[in-house]
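J.: next input, structure requested:
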Amino acid sequence: MPKTFQFSHKLDDLALLKNQQWVLIEQVSNSKCVYIFRDNNELISSQNGRVTKGSWEYINNSTILIEINNDSYLMKHRFLDEDVFVLKIDVETNFTVFINETKYGSEINNFSDVVSFLKNKYFNKQYSVIDDLSYVKQHCSLGNNIPTYKEEEPIKQMSLLGIKYYTVRIHFLDSFTDFYHYYPKKNQFSFQKNYTGEVFFESKKECLINLYEDRFSKL
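T.: Next up, the predicted model:
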C-alpha cells in the first residue's frame, strides 16, 4: 500500500466529501472541472461555467458509484482527507486526484497548481502520495537502449472528462512490471513519474527509457 494511504479517512466519513468544491485538472488538456457531492446524492460538475448534473452513491467504505453524462463509473476509494480525494476506476491503474478548492484558499486553475499543492502538503513530510512498486533493489545504467520487454494487449479507457486513452502493461525482463499510457488524439505516450504526476513524450521509445530510469532512480 502507498505510504500515505495509512493516513486516509474511510470513505464513510462523508462529512469530508460532501458540499465541497473538489477540483479535477485534466493533465492532457490542462482543463479544470469542479465537482460537488451534494447531500441528496446529486453530483454537480462545472467546466468553463457549464454545469452538468449527475448522481453519486456511497456503496461501502471503499467504493463509490458515480453517474454523469449518461455514463456510470464504479470508483475505488484510495485516499481521503479534508484537502485531497483520490479515486481509481475499478480495474484501471490511473488515479484520479481531486483537490478541495474550498480548503485551498485560492483557485486551482492548472496542473502546476495541483503538483505544487501536493508537494507542499505531502512530500515535504517525507512520505509519498503514491508509491506502489515493491521490488528487489538493483543497480543499472540505461543508455540509449531499452531493455528487452514484453507487452500485454492495450486496454482502452476513458477519463472522467471523456478523453480516450490506452493503458499498456509492460514487463521489463530484467526487472519489473509497470504501465504506460497512449493518447491517440495527441499521439503522445505517458507514465506516472515517481507516481506523483503524469509526464508525456512524443515517442514510445523516449517514454519507456524515462519510465525505466525513473523507477530505478528512486531505489
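J.: okay, and the helix or strand of the chain with the least pLDDT?
T.: Of all the helices and strands that make up the chain, the one with the lowest confidence by mean pLDDT, DSSP states H and E is helix 111-121; it has a mean of 73.
J.: list the buried ones in it?
T.: For helix 111-121, the neighbour count (16 or more other CB atoms under 10 Å) marks 111, 113-114, 117-118, 121 as buried. Where you see a C-beta, it was placed from the backbone N, CA and C, and this is true even at glycine.
J.: before we move on, what about stretch 88-106?
T.: Neighbour-count burial for stretch 88-106 flags 89, 92-101 (criterion: 16+ other CB under 10 Å).
J.: and these as CSV, adding secondary structure and distance to residue 148?
T.: Below are those laid out as CSV (DSSP: H, G, I helix; E, B strand; the rest coil; distance: CB to CB, whole Å):
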residue, secondary structure, distance to residue 148
89, strand, 31
92, coil, 27
93, coil, 22
94, coil, 26
95, coil, 29
96, strand, 33
97, strand, 33
98, strand, 39
99, strand, 40
100, strand, 44
101, helix, 46
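J.: surely residue 98 meets residue 21?
T.: No. The pair residue 98 / residue 21 is not scored as a contact, 9.5 Å apart, by CB atoms under 8 Å.
J.: what residues are shared contacts of the two?
T.: Shared between the contact lists of residue 98 and residue 21 (criterion: CB atoms under 8 Å, 6 or more residues apart in numbering) are residues residue 35.
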